[in-house]
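Undergrad: Provided below are the primary sequence and the corresponding predicted coordinates.
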Amino acid sequence: MSGLFDLTGTTAVVTGARRGIGFAMALALAEAGADIVGVSASQPASGSEIESAVVAAGRRFEGIACDFADPEAVAELGQTLAGHRVDILVNNAGVIERAPAAEHPLSSWDRVLQVNLTSQFALTQAMVPQMLARGRGKIIFTASLLSFQGGINVPGYTAAKSGIAGLTKALSNEWSVQGVNVNAIAPGYIATDNTEALRADAERSEAILARIPAGRWGEAGDLAGATVFLASRASDYVDGIVLPVDGGWLGR
């Protein structure tokens, strides 16, 4: 049974790997046996903390910098990675902009949609031909609780993450029959940079915590198991799902 989760001999591309959830996902995949290509806007080619962690796990690491807000940079990244053999693609890079909807700048809307949705579709388009040619591949998106709910003061983020949920299903409908599994993970309220403003607001933080049946904010490492599952042979008949890892939030 343990062999179902063994990723030895595979290569995983993880976007947003320099910190937070992406860091935890990349490390979990490395500990399961995958070599890692870590991509972030400020990812150094060498000397990063994620590189050290992956190497300590006994796996190879390559760092690539890419500004996902720049469509040309994303297209160049896709061309670069198309020359790699990639077995697993984790589309995790993201950004959040907070402002009431009536005052939300269109520039913020455009940036969030580009980083969180459009760039991820473009990169997936660039990477999937090699997976389809081999008849095997794993694509994992990072969705959100706001793929199911509306949120407050984050209209662009909610629209993008709702789009990720729909995109996951649409791509799965086309590619599952060709051996490429497309799924998403929806993290709950995780203690990362993206939720720092919420955790700093005593009233909002208390209200959120009171709603979580598990009784705590999540940690990035809580995403490790779901990531390895969806990247491994254990999920070969799992397609088009958005898997919440939320401490029971959606069940409340």
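TA: That came through, no problem.
Undergrad: Report the residue spans of the stretch 101-250 of the chain with pLDDT below the cut-off.
TA: Per-residue confidence for the stretch 101-250 of the chain (pLDDT under 70) gives no ranges below the cut-off.
Undergrad: quick one: the helices in it?
TA: Listed in chain order, the helices of the stretch 101-250 of the chain (DSSP state H, counting those that start in this stretch) span 106-113, 119-134, 155-175, 196-200, 202-211, 224-231.
Undergrad: Nearest approach to H84 belongs to which of those helices?
TA: Proximity to H84 (Cβ to Cβ) singles out helix 119-134 among those, at 8.5 Å. From N, CA and C alone the C-beta is placed, and that goes for glycine too.
Undergrad: tell me the angle of the closest one relative to helix 155-175?
TA: Computed by axes from the mean of the first three to the mean of the last three Cα atoms, to 10 degrees, the angle separating helix 119-134 from helix 155-175 equals 10 degrees.
Undergrad: Just want the angle from helix 119-134 to helix 106-113.
TA: With the same axes, to 10 degrees applied, the angle from helix 119-134 to helix 106-113 works out at 20 degrees.
Undergrad: what residues does helix 119-134 touch?
TA: The contact list for helix 119-134 (Cβ atoms under 8 Å, 6 or more residues apart in numbering) reads 13, 15, 68-69, 71, 74-75, 77-79, 81-82, 85-87, 89, 91, 93, 137, 139, 141, 164, 167, 171, 175, 178-180.
Undergrad: do the same with stretch 77-89
TA: With Cβ under 8 Å, 6+ apart, stretch 77-89 has contacts from 7, 10-13, 29, 34, 37, 39, 64, 66, 122-127, 129-131, 136-140, 231.
Undergrad: that older thread, cross-reference the contacts of helix 119-134 with the strands and report the matches.
TA: If you go by DSSP state E, the contacts of helix 119-134 have 13, 15, 89, 91, 137, 139, 141, 180 in strands.
Undergrad: Which of these sits closest to A197?
TA: The closest of the ones in strands among the contacts of helix 119-134 to A197 turns out to be T15 (Cβ to Cβ; 22.6 Å).
Undergrad: count of residues packed around that closest one?
TA: When neighbours are defined as other Cβ atoms under 10 Å, T15 has 30 of them.
Undergrad: Could you give the bridge partners of it?
TA: Judged by DSSP bridges, the bridge partners of T15 are V39.
Undergrad: from what I can see it touches V39, true?
TA: Yes: counting by Cβ atoms under 8 Å, T15 touches V39, with 4.7 Å between them.
Undergrad: Give me the common contacts of these two.
TA: Both T15 and V39 are contacted by 66, 93, under the criterion Cβ under 8 Å, 6+ apart.
Undergrad: And the residue nearest to G225 when sequence neighbours are not counted, how far from N153?
TA: Of all residues not flanking G225 in the chain, A28 sits nearest, at 7.5 Å (Cβ to Cβ, 6 or more residues apart in numbering). Going from A28 to N153 by Cβ to Cβ, to the nearest Å gives 31 Å.
Undergrad: I'm done for today, thanks for sticking with me.
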